[in-house]
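Engineer: got a sequence here, can you build the structure:
(2 chains)
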Amino acid sequence: MSRFSNTPDRRSILRSFVAGSTLMPGILRQLQAEEGGGLDPLAPKPPHFPAKAKNVIFLFMTGGVSHVDTFDPKPKLREDVGKEVKLDHPEIKDRAGYERIFLKAPQWDFSPQGQCGTEVSSLFPHVGGCMDEIALIRSMHTDHSNHYNATLGMHTGSFAFARPSLGAWISYGLGSENQNLPAFVTIAPAQTYAGTQVYASDFLPGAHQGTLVVPGAEPIANVKPRIETSNQRIELAVLQKLNRQHLALRSGHTLSEARIKSFETAFGMQMAAPEAFDFSAESDATHALYGLERGSTKGFAWQCLAARRLVERGVRFVELIDTGSSGNWDSHGNMKDHERLAKNVDQPIAGLLKDLKSLGMLEDTLVVWTTEFGRTPFNNKADALGREHHNWAFSSWMAGAGVKPGIVHGATDEYGIKTEVDPVHVHDFHATILHLMGLDHEKLTYRHSGRDFRLTDVFGNVVTEILA
Amino acid sequence: MKKGARGRNAIDAFIHRDLDARNLSPGPPADRRKLIRRASYGLIGLPPAISQVEKFVTDPTPDAEAFQTIVEDLLSSKHYGERWGRHWLDVVRYADTAGENSDHPLPHLWRYRNWVIDAFNQDKPYDVFVREQLAGDLLARNKEPQEQSASIIATGYLALARRFGHDIDKSMHLTYEDAIDNLGKAFLGLSISCARCHDHKHDPILMRDYYSLYAMLDSTRFSFPGCEPKQQPRDLIPIGNAELRTKREVWEKTRSELQTQADAGGAAETKRVKELATRSDTVLTKGDVPDGDSIHVTPKPITLSVRKGEAIHLSILPRANYGADTTILDYSITYNPAKEEIRWSLADLIDDLTLGNPQDTKLGAKWCFLNTTNDEPRFLTGRKESVQGKPELRAWEDGAPPTVLVNTSQNSVKVWTTLPGRTFYCHPGPQGPVAIAWLSPIDGQVEIDLKVSDGHPGGDGVGWRLEHFAEPEISEAYLALARSSAIRNQHLIALREHAAMEPQMDLAYAVAEGEPKKARLQERGDPEVPGENVPREYLAILGGGSLGDGQGSGRLELAKRIANADNPLTARVMVNRIWASHFGRGLVATPNDFGNHGQAPSHPELLDYLARHFIEHGWSVKAMHRLILSSATYQQAASDGITAGTFSAFAHRRLSAEELRDTLLLAAGTLDLSPGQEHPFPAEPSWNFTQHAPFAAEYASNRRSIYLMRKRNRNSAYFALFDGADPNASTAERGVTTPPTQALYFMNDPFFHDCAERFAMRIRAAAPDTPGRLDFACRELFSRPVRDEEVSAFEEFTATLATTINGDAPAIERESWSAWARILLASNELLHTD
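Structural biologist: The predicted model follows:
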């Protein structure tokens, strides 16, 4: 019956410390963060175990990138082009015109890259040049062949029900190192499948939801002052004075205290965010590295450089979504469209990896590249121009902090249809990312409606083979 | 009670006994100004009017009695239901979209939302409230027509369960899971859905319990919201008088027959064309025309060998952003056996476009105009002898694009854009191309000349694809398709005519009895692996027993078992919700979870007492408010320094997202206090939502926030920012977070600035002098007079501003008041109740 015992709760103990004011602020914030309902849910928290990675840049290619045309070479697929195959595949089941399916040849040539010799197709010449930094996983698989479900799954570990996203879990697990910027930022020119759910905090406290950045004039909503900053400063000073008077009559009202602090932070953010998105101090060489035209906010190059700058400023998790729910990698009509999409991301991603490396940031930054699923190595005609959705196999990769560089993990069968060696499910992928951040995916839980929820549900194994 | 009689009612006795045991004392009473602001936000979600506050403050009657008058006033306000209805909508995860992959709107569900609001306003007994939501359609059978409608609308509770996937009919097992999960939490405070896959060792809910409920839902017909492959809603429930309803049922039956005929018409022929095309396809050329551009696809004509019966098939495709897709085609096919040239050109069709489809031309060649949406070729059958009232324009179109179109006159015609004269146009549909097929009458070589031009700049252009189907049988397949399309067209015309005769009735998104199904387990929760049959029974933990005779869904029996005085949970769960909403913490701190996952009650006897009181007073929610608000425990001063769960003081409460927005609009003087009704969703026949382009509209409104349209897949940025309810799952309690992005809202949001600007105008109009104006602002927002130090703070502030703002004295004054309005509206005093 300890539940009913007359012990003061944690908050009042904390408050008595605050009143004593001898406790180091850092420890206080840590204690409060542990309590969950403390002043600042974004206060930094220690990882479960020491880890190299402090930040994540998560690169998401919307629409389903064809693995057999990018990172998973299948010479046999080219040899056997036109051969009929029989498969119980979710995308052809009961589909008119798909009674018979035939192998379709890859449309781009592969060649060995770097010291490691990992083969990459000509769609990704720049990323190909970085393979010595990358741990490539060729045996990814996922539960669903529908964009919406697979995209939700890749972001939340749940393929139907809304759940907190990966970035929110990491924000919840580790907090933020920069109080002037959010812990979790999603940079997306348009909404992807499943909409806001991919960066939502769901049942985790709202502070952990991704802050949406839309490339353009005002990347973060309401970050641009609507009055002169000097006047706003005067205004805020009065507001804070009134708020402190209000608090003085209600001592210990933690929410009021937190809110007073949040205005200071917001004012800082108002300065810090535009500064983070102002690339004017970046050299021409840096712009060129990313393939970014000075002053332009278009394309993935802007997103990549923004990601580097945000991570530099202590943002814990930055997700970049390359395109929205249309006009993306979903090349049913013609695989040639992959060229346009690869061109948008290839040099910027390579630029990001090189830039992080030269700045020493790759030491503690994990870069993750993925898509929601692959594309079918077959179609209903051997000379069909497009490929369909394929959740049985696809390729993803990681690079940077804690990742074994220059390796290939797992393999698909001779045609890239099924994973054959060391399959990595989305849950395993998530468990590995958490592990690299020093979080045990089985221990990072949140109690909600009577149950301890995890990102990985009741699944997930860390892919130890790719750990450095 | 060792510290003397301090209580006002039984609640206090329980609370004080516990405090005594802990050696704690209750807090002092709140002052009247704070109390009325607390109660007003607490009951109606709006601040009290200045006059109400002054009346209460100066009321000479004793505190308890004076406050009772206030409580009665608030409980009889029509805005009471708008606040307490919202609590319930949180619990039942209300939203105005279905949540499947394309997030279809639910244009009729607002009736349920308003039914909830009305139910609270009318103080509908909670047991009836519960029964109607679970089985209102069955209870309606013995009611008057008006009550029948309301009772049917109530089952919107079940219908609003989330939908999943692409074709939602295939994922109904997930929808049932969502419904069972919510039903357990909302009415019983139990997590039932854990039992979907297997029995849990320490969980009182068994798998057979789960599948009993599952069978009930499976025996129920849910209104269908539409989804990507099946855009149109169905199974909506007509409400209104019985005669009309019968008429409507007959009408619906005919419609569904016509629809079946129309859908079946041509399906085989479509498949045949597709098969032959797939087998024989060569793409001759394809590409995109950028916005406003014109591309001569064949600067050198394409030379092609064709055989009699083969087809050349030109598709014009929409690009990512559909719209402004009118396309000019210059297209000809020339046959030149040495000298005598024969040319088939679209330009030749300008005068005679609507003669026929297919259209016979030279040598027996045929032009065909097709809609190939979703890769399903069908002939366009709608012959239009004028377009938008312009007789110069002729077209083939079936209600909406894809379209082929000509301007027959020498002059330009201005419609959605200016269409030059003597020109052939086409317009793809949002989901697919318009196609023009040429069926070859000859064996030999032809030359193809094609130019594609954007005829309506301002979009993102269109794509083209020119294919050769080298299959001599395909002409016959096209012609067969044309014949079937003509028949289908008759069905479609009949369907359209039938639609025009639709008996105009209000519709509810609700449920009705379906085909009765037996309860059957599913192995590991997989509907593909059915297990043993089980008797359909009520939850074993709550006494079990058969539910219904198996003839119907059993929902009525379930509803009666749940909304029953003998049910130990139903009343307790609801009184705990009411308590939690007032005190910021329930007697059970997990209001959706009374099971062994949740927390034990802090005051079990008080909880029992309240539940008993609730039932004995006819399950009246308002009576429960009266009891709680008349307690000394409620009327204590607020303090944050209390030990959680002792209720030794009242807790400060932050305004919810709705309360904040409503307060801002109220201060601005622009809050529309009339009840909201339906949302301005696009008309159902125009729907074509996909996962690529889901429903994503936003609708502005100055009504109270409960009436704002809320989507499931694209949550509102405002509600996400201020801890609004989760539109996808039951929200028992709102979170309270204070991220800096919230502060940014108060600093820079345009809506906030606009409200403050308007509030400043009201302040300036309220009194001629500064202290009078400041006093008005304080009374309006905080229910208290201005303090002297605030007057001096304002004066100091304006003096500083005068040195930094450019402009004359009136401009400085104006800006000072705007700034002051922003400060007050952003203040902690505004955002919290004491």
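Engineer: hey, which helix or strand in chain B has the poorest pLDDT?
Structural biologist: Of all regular secondary-structure elements in chain B, judged by mean pLDDT, DSSP states H and E, the least confident is helix B:242-264 with a mean of 82.
Engineer: buried ones in that helix, by neighbour count?
Structural biologist: Residues of helix B:242-264 classed as buried under the neighbour-count rule (16 or more other Cβ atoms under 10 Å in any protein chain shown) are B:Leu244, B:Arg245, B:Lys247, B:Arg248, B:Trp251, B:Glu252, B:Arg255, B:Leu258, B:Gln259, B:Gln261, B:Ala262. Every C-beta, even on glycine, is put in place using the N, C-alpha and C of the backbone.
Engineer: just the CA atoms of that helix, as CSV, please.
Structural biologist: This file holds the C-alpha atoms of helix B:242-264, laid out as CSV (Å, rounded to 0.1, in the frame of the first residue of the first chain):
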residue,chain,number,x,y,z
ALA,B,242,-40.5,7.4,-41.6
GLU,B,243,-42.3,8.0,-44.9
LEU,B,244,-39.3,9.9,-46.3
ARG,B,245,-37.0,7.3,-45.0
THR,B,246,-38.9,4.5,-46.7
LYS,B,247,-38.8,6.5,-49.9
ARG,B,248,-35.1,6.9,-49.5
GLU,B,249,-34.5,3.2,-48.9
VAL,B,250,-36.3,2.4,-52.1
TRP,B,251,-34.3,5.1,-53.9
GLU,B,252,-31.0,3.7,-52.5
LYS,B,253,-31.8,0.2,-53.5
THR,B,254,-32.4,1.3,-57.1
ARG,B,255,-29.3,3.3,-57.1
SER,B,256,-27.2,0.4,-55.9
GLU,B,257,-28.7,-1.7,-58.7
LEU,B,258,-27.9,0.9,-61.3
GLN,B,259,-24.5,1.3,-59.9
THR,B,260,-23.8,-2.4,-60.1
GLN,B,261,-25.0,-2.5,-63.7
ALA,B,262,-22.9,0.5,-64.6
ASP,B,263,-19.8,-0.9,-62.9
ALA,B,264,-20.2,-4.2,-64.6
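Engineer: and the strands in the stretch 351-468 of chain A?
Structural biologist: The residue ranges that make up the strands of the stretch 351-468 of chain A, judged by DSSP state E, counting those that start in this stretch, are A:365-371, A:374-375, A:378-379, A:389-390, A:394-400, A:407-409, A:411-412, A:419-421, A:424-425, A:445-448, A:451-454.
Engineer: got the contact list for residue 456?
Structural biologist: No chain specified, so I'll use chain A. A:Thr456 sits next to A:Gly157, A:His427, A:His430, A:Ala431, A:Leu434, A:His441, A:Glu442 when contact means Cβ atoms under 8 Å, 6 or more residues apart in numbering or on different chains.
Engineer: that answer is for a different chain, and I need it for chain B
Structural biologist: Residues B:Ala324, B:Asp325, B:Thr326, B:Trp416, B:Thr417 are the ones in contact with B:His456 under the rule Cβ under 8 Å, 6+ apart.
Engineer: dump these to a markdown table, plus distance to B:Gly455, secondary structure and pLDDT.
Structural biologist: Written out in a markdown table, the entries for the contacts of B:His456 read as follows (distance: Cβ to Cβ, whole Å; DSSP: H, G, I helix; E, B strand; the rest coil; pLDDT from 0 to 100):
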| residue | distance to B:Gly455 | secondary structure | pLDDT |
| --- | --- | --- | --- |
| B:Ala324 | 9 | coil | 74 |
| B:Asp325 | 9 | coil | 86 |
| B:Thr326 | 4 | coil | 92 |
| B:Trp416 | 10 | coil | 86 |
| B:Thr417 | 7 | coil | 87 |
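Engineer: which of the residues you listed count as buried?
Structural biologist: Buried subset of the contacts of B:His456 (neighbour count, 16+ other Cβ under 10 Å): B:Ala324, B:Asp325, B:Thr326.
Engineer: want to try CSV for those, with distance to A:Lys83 as columns?
Structural biologist: Supplementary listing: the buried ones among the contacts of B:His456 in CSV, determined by distance: Cβ to Cβ, whole Å:
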residue, distance to A:Lys83
B:Ala324, 44
B:Asp325, 39
B:Thr326, 44
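Engineer: which one of the residues you listed sits closest to chain A?
Structural biologist: Lowest distance from chain A to those (Cβ to the nearest Cβ) belongs to B:Asp325, with 14.5 Å.
Engineer: contacts only, for the closest one.
Structural biologist: With contact set as Cβ under 8 Å, 6+ apart, B:Asp325 has these partners: B:Pro318, B:Pro401, B:His427, B:Pro428, B:His456, B:Gly459, B:Val462.
Engineer: any quick PyMOL command for the buried ones out of those?
Structural biologist: Restricted to the buried members of those, where burial is judged by 16+ other Cβ under 10 Å, the PyMOL selection command reads as follows:
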select buried, chain B and resi 318+401+427+428+456+459+462
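Engineer: just checking, B:Asp375 touches B:Gly432?
Structural biologist: Yes. Here B:Asp375 reaches B:Gly432: they are 7.2 Å apart, a contact under Cβ atoms under 8 Å.
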